[in-house]
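> can you look at this prediction? I've put the sequence above it.
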Amino acid sequence: MKPLVVLLVVFVLAVVAVQLITQQFDLSLAARIAMCAMLFFTAVGHFAFTKGMILMMPSVIPFKKELVYLTAVLEILLGIGLLIPDFTVYAAWALIAFFVLLLPANINAAIKHVDHEKGTYAGKGVSYLWFRVPLQLLFIGWTYFSSIKIWE
């Protein structure tokens with residue numbers, strides 16, 4: 001829920017800021033700024049809640065801690081990439097793939113009742129997926145329409 005709030009609040013602020021600074025109404029740029037901010041926010045979560053993020057992954061995955069840190073760095077780099085015109089489309093496609101690849105970890109976390117912030121198995125469980133899967137689809141659509149569709 002927190003990433004969604006960050007995304008929406010930053011989007012509204014970015015719409016106003018872009019309008020004031022450029023004198024143009026650029027929803028795509030505001031949407032990319034918001035996605036970048038949301039990715040930075042979630043990347044910080046990877047460092048703050050590493051134990052919980054590790055619990056989200058299936059047991060067969062090796063180097064879990066390193067993977068948590070790597071995904072945080074990827075989120076930061078892809079967020080920045082959305083804001084650099086020459087890299088926007090590439091970053092967007094990579095981010096869409098990233099969101100798709102994260103879904104199994106979220107499903108695994110829901111099945112195991114992982115509370116990633118507390119690092120426990122006392123989370124909401126499968127009901128969490130009723131929010132998480134549509135949220136993941138929103139992130140994918142948001143990225144596509146703000147970063148790829150505008151270039152076609």
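Sure thing, it's come through.
> and the gap between the residue nearest the centre of the chain and residue 124?
When Cα atoms, centre = their mean is applied to the chain, the residue found nearest the centroid is residue 39 (4.8 Å). As judged by Cβ to Cβ, to the nearest Å, residue 39 and residue 124 stand 23 Å apart. (Glycine included, C-beta is placed from N, CA and C.)
> before we move on, what about residue 116?
11 Å.
> which one's more surrounded, these two?
For the pair residue 116 and residue 124, the greater number of neighbours falls to residue 116 (21 against 15), based on other Cβ atoms under 10 Å.
> low-confidence stretches in this protein?
151-152 (pLDDT under 70).
> any idea how far stretch 87-103 is from the middle of the chain?
10 Å (Cα atoms, centre = their mean, to the nearest Å).
> buried ones in the top helix by length along the chain?
The longest helix of the chain (DSSP state H) is helix 88-111. Across helix 88-111, burial judged by 16 or more other Cβ atoms under 10 Å covers 88-89, 91-92, 94-96, 98-99, 102, 105-110.
> now, among those residues, which is nearest to residue 23?
residue 88 (21.6 Å; Cβ to Cβ).
> list the contacts of stretch 78-92.
Identification of contacts with stretch 78-92 by Cβ atoms under 8 Å, 6 or more residues apart in numbering yields 32-33, 35-40, 43, 77, 94-95, 98, 143-144, 146-148, 151.
> please report how far residue 9 lies from residue 15.
Counting by Cβ to Cβ - residue 9 and residue 15 are separated by 11 Å.
> these two - which one has more neighbours?
Neighbours per residue (other Cβ under 10 Å) separate residue 9 from residue 15, with residue 15 holding more: 18 against 13.
> against residue 104, how distant is the more buried one?
Counting by Cβ to Cβ, the gap from residue 15 to residue 104 is 34 Å.
> what do you get for residue 51?
Distance from residue 51 to residue 104, by Cβ to Cβ: 19 Å.
> for the residue of the chain positioned farthest from its centre, what are phi and psi?
Of all residues in the chain, residue 23 has its C-alpha farthest from the mean position, at 28.8 Å, by Cα atoms, centre = their mean. Dihedral pair for residue 23: phi 60, psi 20, per degrees, to the nearest 10.
> ditto for residue 120
Dihedral pair for residue 120: phi -130, psi 180, per degrees, to the nearest 10.
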